[in-house]
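1. Whatever this is, show me its structure:
(one chain, ligands or ions: 1)
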Amino acid sequence: MKITRLSSPNFNDRQFPLDMLVLHYTGMETGDAAIERLCDKEAGVSAHYVVRETGEILQLVDEDKRAWHAGVSSWQGDEDLNSRSIGIEIVNGGHDWPASDGSLPDYPDAQIEAVIALSKAIIARWNIPADRVVGHSDIAPARKADPGEHFPWQRLAEAGIGLWPSAIGAEVQPSERSLRSIGYDIGDLPAAITAFQRRWMPDRIDGADDEDMRAMAAAVVAAYSAV
Ligand SMILES: [Zn+2]
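-> Below you'll find the model as predicted:
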């Protein structure tokens, strides 16, 4: 895997052991604009890696350092997720920079293949559990929507990154309980449901706490408890 090295000044020391992987989209007009911002001291943001549409991988921060990509966030009761994670920014305009027909811009194949190869290497290097591979929207549901409902989580799970529930039919519980047990901060329940749908039910993002949502949440709980 070829990785081009750049250098962002935006990092410091980790306060906790590294056991998470957080995936983002850049949400800017171009990859160059995003990379410039991630290396700008004034902006005060960074990520360990950026993956361009072509599949080119850039590293901005050493893996053992704390990059600044997650912000205020929570997963499975943990906070300061910058201290616990590696962050990958995937170049994609996202919700703010849609395609010309108004749809969310595609993640090209070459880019997803590179994200898969990079993620697999990181997960193996740091022994990251499948239930701690997350999207930014999972850990900051009231603030963030990236990497977006167009991100192919199921394809990543099939490649061994994170997981995808294999069967529906697990014991259904109230949404609060399922979502909390998966790892979501349920302080804002509709936001948590929306984030859940964005990741696990991408065709259906309406925040509704209904039977379909509860069944899928139960399936994810079952899959996570097998990790
Ligand atoms: Zn993000």
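
2. Which residue ranges make up the domains of this structure?
-> With domains defined by automatic domain parsing, the chain comprises 3-164, 165-227.

3. Can you redo these as CSV, where the extra columns are distance to the ion, mean neighbour count and mean pLDDT?
-> For every residue, glycine as well, the C-beta is placed using N, CA and C. CSV is the format used below for the domains of the chain (distance: least, C-beta to the ion, whole Å; neighbours: other C-beta atoms under 10 Å; pLDDT from 0 to 100):
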stretch, distance to the ion, mean neighbour count, mean pLDDT
domain 3-164, 3, 18, 98
domain 165-227, 12, 17, 93
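
4. What residues does I86 make contact with?
-> Residues near I86 by C-beta atoms under 8 Å, 6 or more residues apart in numbering: 18, 20-22, 48-49, 63, 67, 122, 126.

5. so which of those comes closest to D96?
-> Distance to D96 across these (C-beta to C-beta) is lowest for V22, with 19.2 Å.

6. contact partners of the host helix or strand of that closest one?
-> In the assignment (DSSP states H and E), V22 maps to strand 20-25. Residues from elsewhere that reach strand 20-25, judged by C-beta under 8 Å, 6+ apart: 47, 69-70, 75, 81, 84-94, 115, 119, 122-123, 128, 132-136, 139, 146-148, 151, 161.

7. For the residue nearest to K65 when sequence neighbours are not counted, name its beta-bridge partners.
-> Among residues not flanking K65 along the chain, F11 sits closest, at 4.3 Å (C-beta to C-beta, 6 or more residues apart in numbering). Beta-bridge pairing of F11 under DSSP bridges involves A67.

8. likewise the one 10 residues further on?
-> Here L21 shows beta-bridge partners I86, V133, assigned using DSSP bridges.

9. The one 4 residues further on now?
-> For Y25, the beta-bridge partners are I90 (DSSP bridges).

10. Run through the strands of the protein in chain order.
-> 3-5, 11-13, 20-25, 49-51, 57-59, 65-67, 85-90, 133-135 (DSSP state E).

11. residue farthest from the centroid of this protein?
-> Taking C-alpha atoms, centre = their mean, the residue of the chain most remote from its mean C-alpha position is E171, at 26.6 Å.

12. you'd agree that residue is up against A218?
-> Yes. E171 is within contact range of A218, at 6.0 Å (criterion: C-beta atoms under 8 Å).

13. Contact partners for the residue nearest to K65?
-> Contact analysis of F11 by C-beta under 8 Å, 6+ apart lists 46, 61-62, 65-68.
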